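1. quick check, what structure comes out for this input:
(one chain, ligands or ions: 2)
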Amino acid sequence: MELPAVTVSQSPEAKFREYLASRPRPQRFTDQQRDMVRFIFSQHHHFDAEQLIDDMKRAGFQVSRATVYRTLNKLVDAGLLRRLELGPRMYYEHDYGYPQHEHLHCEQCGKMIEFQSPAIEATLREVCRQHQFHANGHTFIIRGTCAECNRARMTKRRLDLV
Ligand SMILES: [Zn+2]
Ligand SMILES: [Zn+2]
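-> Ligands and ions are numbered 1, 2, ... in the order given. The predicted structure is shown next:
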């Protein structure tokens, strides 16, 4: 399930290249980094570093673990990805070209459901205004059990009663 994309003026690759070039000490855009950016932006989902390494290897890419971790940090810094902290694990998802949204995370099956809520956004803006706070972003995750897992649990309970 993907939310509709937001129109952006540059490709993620171009934006990242620009970020690297504008650092105090400009950095080279390596082939591994290019492969990573293309791979990550070919599909919107929530992934952690180890998953990304496995998926890229399976797709035939050569990436070193150190490069993946370093590049993920840079992609967050460049505004392309954002972090989602889920318990002890750190997940990433598109920030660039993707609308602001919130999450429901199923603790049974691991599913991540995205939703948008103008009411929540308005409330957050109001809270920031009251505190004269300049927000750079937020992460909002509701933990619980999804509809399918709830149904499965109810069915099991009913069977247990028989
Ligand atoms: Zn579930
Ligand atoms: Zn998301």
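2. pull out the buried positions in stretch 69-88.
-> By neighbour count on 16 or more other C-beta atoms under 10 Å, the buried set for stretch 69-88 is 71, 72, 74, 75, 78, 80, 81, 82, 84, 86. Glycine gets a C-beta too; all of them are placed from N, C-alpha and C.
3. could you measure residue 27 against residue 12, distance?
-> Distance, residue 27 to residue 12, using C-beta to C-beta, to the nearest Å: 17 Å.
4. what do you get for residue 132?
-> Between residue 132 and residue 12 the distance is 33 Å, computed by C-beta to C-beta.
5. kindly report the same for residue 128.
-> From residue 128 over to residue 12 the distance is 28 Å, taken as C-beta to C-beta.
6. same question for residue 93.
-> In this view, residue 93 and residue 12 are 13 Å apart by C-beta to C-beta.
7. need the contact partners of the longest helix along the chain.
-> Ranked by residue count, the top helix of the chain under DSSP state H comes out as helix 147-161. Residues from elsewhere that reach helix 147-161 (C-beta atoms under 8 Å, 6 or more residues apart in numbering): 106, 108, 109, 145.
8. give the buried residues for it.
-> Neighbour counts using 16+ other C-beta under 10 Å place residue 149 of helix 147-161 among the buried residues.
9. ok, is stretch 78-85 in contact with ligand 2 or not?
-> No - legend: contact between stretch 78-85 and ligand 2 by C-beta under 5 Å from the ion is lacking; minimum distance shown is 7.0 Å.
10. please see if the helix or strand bottoming out on mean pLDDT in the chain touches ligand 1.
-> The weakest-scoring helix or strand in the chain, judged by mean pLDDT, DSSP states H and E, is helix 147-161 (a mean of 86). Yes - judged by C-beta under 5 Å from the ion, helix 147-161 comes into contact with ligand 1 at residue 149.
11. and that helix, how far from the chain's centre?
-> Distance of helix 147-161 from the chain centroid (C-alpha atoms, centre = their mean, to the nearest Å) equals 31 Å.
12. which residues touch the helix or strand in which residue 33 is found?
-> Following DSSP states H and E, one finds residue 33 within helix 31-40. Residues from elsewhere that reach helix 31-40 (C-beta under 8 Å, 6+ apart): 12-13, 16, 47, 52, 55-56, 59, 61-64, 67-68, 71, 75, 80-81, 92, 94.
13. with stretch 115-123 instead?
-> Where contact means C-beta under 8 Å, 6+ apart, the residues beyond stretch 115-123 that reach it are 3, 99, 100, 101, 102, 103, 104, 140.
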